[in-house]
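A.B. asks: Predicted coordinates and the sequence they were generated for:
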2 protein chains.
Amino acid sequence: MPAVSDCIEMLDSETKAAETPEDHAEELRLWLRLLTCTTLIEGEVRGRLRQRFDVTLPRFDLMAQLDKAPDGMTLSDVSKRMMVSNGNVTGLVERLVESGHLDRRTSETDRRVQVIRLTKLGRAEFRRMAAEHETWIAELFADLTPKDVRELMRLLAKTKASAQKSAGRHRP
Amino acid sequence: MPAVSDCIEMLDSETKAAETPEDHAEELRLWLRLLTCTTLIEGEVRGRLRQRFDVTLPRFDLMAQLDKAPDGMTLSDVSKRMMVSNGNVTGLVERLVESGHLDRRTSETDRRVQVIRLTKLGRAEFRRMAAEHETWIAELFADLTPKDVRELMRLLAKTKASAQKSAGRHRP
DNA sequence: TCGAATTGTTTTAAGCCTAAAATGTTTCTC
DNA sequence: GAGAAACATTTTAGGCTTAAAACAATTCGA
């Protein structure tokens, strides 16, 4: 006749032995909803940028990063910030230099490094687009109360931290 | 000397006349955070799918749609559900038929329509991947309490509705 | 019933994106 | 100071993605 501790142990081992597939349906549904929201808004913004300004979303995103860095950024910085691959940035920058929106030069102190920044034209065009872009975002989120916004900010911060922790454990 | 009502009116008209750019910084920050969360998780899932199963995320997503539809789906259905362009689905399906995961046939009743469904192989492989995929998602969201999850579900539903409303108004 | 819209899919052209290998540069270490 | 390790970027190969035009089949309306 097993002692209480054995019973508890048995319960534990049973859940393991039977490999009871724990139910994570809720998290899965949450992930799908998160993805849907993002895809929906992203698609909307992409389309409006194209229609109003004939610019692609990745180009806009890259210019947004540079607008916050008057002294320029290295390609690696951009790549990390935008969470895209290095090679991707190389091509994106190439096209934006070509169109006169970006200026690229090799660093004086480290010849591996390319520093890019917005040209006068690039900055002017970006500011024009950004102003309108901000109103689109406001419209898209219009039905959220300020409290909703705060609460979402909090929960998404928590989500981000959780995901980063898990990602870090998986591949440190 | 203006009456009180004039003062109020003036305040109103001033905000308009000066075209005071209303501050939507909070919504913008929310959008960027939403995007960051999604990109982070999506990248993690993409990498794990590749490493563990040598499959791409779009392929997995397409198979996930079909797993829920035993009788198959039309390409348009898939396109709408996945929120991607028609042409995109065409290519994706082509490659999955080629690799033996999908079966494609022209509808008997409407010769415009292509109906696709998972093959036996496709379904077996998807189930195997999906089981592990679900645990990854659970891990990535592990630090959220059940209450957090419920609250996020609610707020994201509200966000989706708001965005759809705005998108609908913009291009009906 | 015949032509005009509508619908479902494919094609096209261009660009985006990734992982991995290659190239050039700097730093570290002995 | 020479070689090894680390770093920043580019190249490569392949796949994803979109918008728009083209094509094919159905449905609608006079």
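C.D. replies: Done, it's in.
A.B. asks: Could you check the pLDDT of A:Met10?
C.D. replies: According to the prediction, A:Met10 has pLDDT 41.
A.B. asks: Near DNA strand D, which residues of chain A? Just list them.
C.D. replies: A:43, A:46-47, A:50, A:74-77, A:79, A:86-87, A:89-91, A:93, A:110, A:112-115 (C-beta under 7 Å from any atom of the strand). Just so you know, the C-beta spots here come from the backbone N, C-alpha and C atoms, and that holds for glycine as well.
A.B. asks: Buried members of those residues into ChimeraX, please.
C.D. replies: A single ChimeraX command is used to select the members of these judged buried by 16 or more other C-beta atoms under 10 Å in any protein chain shown:
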select /A:43,74,75,77,79,89,93,114,115
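A.B. asks: near chain B, which of the residues of chain A next to DNA strand D show up?
C.D. replies: With C-beta under 8 Å from any C-beta of the partner chain as the criterion, those include A:Gly43, A:Gly47 near chain B.
A.B. asks: which residues in chain A form helices?
C.D. replies: For chain A, the helices defined by DSSP state H occupy A:4-17, A:25-53, A:57-67, A:75-82, A:86-98, A:120-140, A:146-170.
A.B. asks: Quickly check: the last one near DNA strand C or not.
C.D. replies: No: when contact is scored as C-beta under 7 Å from any atom of the strand, no part of helix A:146-170 falls within range of DNA strand C; the minimum is 12.2 Å.
A.B. asks: Against which helices or strands is that helix packed?
C.D. replies: Using 3 or more C-beta pairs under 8 Å, 6 or more residues apart in numbering or on different chains; DSSP states H and E, the elements in contact with helix A:146-170 are helix B:25-53, helix B:120-140, helix B:146-170.
A.B. asks: Return the distance of the last one from the chain's centre.
C.D. replies: Averaging C-alpha coordinates over helix B:146-170 and over its chain gives two centres that are 12 Å apart (C-alpha atoms, centre = their mean, to the nearest Å).
A.B. asks: and what of the longest one?
C.D. replies: Its chain's C-alpha centre and that of helix B:25-53 lie 12 Å apart, by C-alpha atoms, centre = their mean.
A.B. asks: Let me see the mean pLDDT of it.
C.D. replies: Here helix B:25-53 scores 97 as its mean pLDDT.
A.B. asks: that older thread, could you export the helices and strands packed on helix A:146-170 as a markdown table, including distance to B:Gln65?
C.D. replies: Converted to a markdown table, these look like this (distance: least, C-beta to C-beta, whole Å):
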| stretch | distance to B:Gln65 |
| --- | --- |
| helix B:25-53 | 16 |
| helix B:120-140 | 10 |
| helix B:146-170 | 18 |
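A.B. asks: Looking at the ones you listed, which is nearest to A:Ser162?
C.D. replies: helix B:120-140 (6.6 Å; C-beta to C-beta).
A.B. asks: That closest one vs chain A: in contact?
C.D. replies: Yes: contact between helix B:120-140 and chain A, assessed by C-beta under 8 Å from any C-beta, occurs at B:Ala131, B:Glu134, B:Thr135, B:Ile137, B:Ala138, B:Glu139, B:Leu140.
A.B. asks: Output the below-cut-off pLDDT ranges for chain A.
C.D. replies: A:1-21, A:172 (pLDDT under 70).
A.B. asks: Which residue would be the closest one in chain A to DNA strand D?
C.D. replies: A:Gly87 (2.6 Å; C-beta to the nearest atom of the strand).
A.B. asks: and A:Met83, what does it touch?
C.D. replies: For A:Met83, the contact set (C-beta atoms under 8 Å, 6 or more residues apart in numbering or on different chains) comprises B:Thr36, B:Thr39, B:Leu40, B:Gly43.
A.B. asks: and if you look at A:Arg33?
C.D. replies: B:Met153, B:Leu156, B:Ala157, B:Lys160.
A.B. asks: Make CSV from the residues you listed and add neighbour count to it.
C.D. replies: Output for these, formatted as CSV (neighbours: other C-beta atoms under 10 Å in any protein chain shown):
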residue, neighbour count
B:Met153, 15
B:Leu156, 22
B:Ala157, 13
B:Lys160, 16
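A.B. asks: Out of the helices and strands packed on helix A:146-170, which is closest to A:Arg123?
C.D. replies: For A:Arg123, the closest of the helices and strands packed on helix A:146-170 is helix B:25-53, at 18.3 Å, according to C-beta to C-beta.
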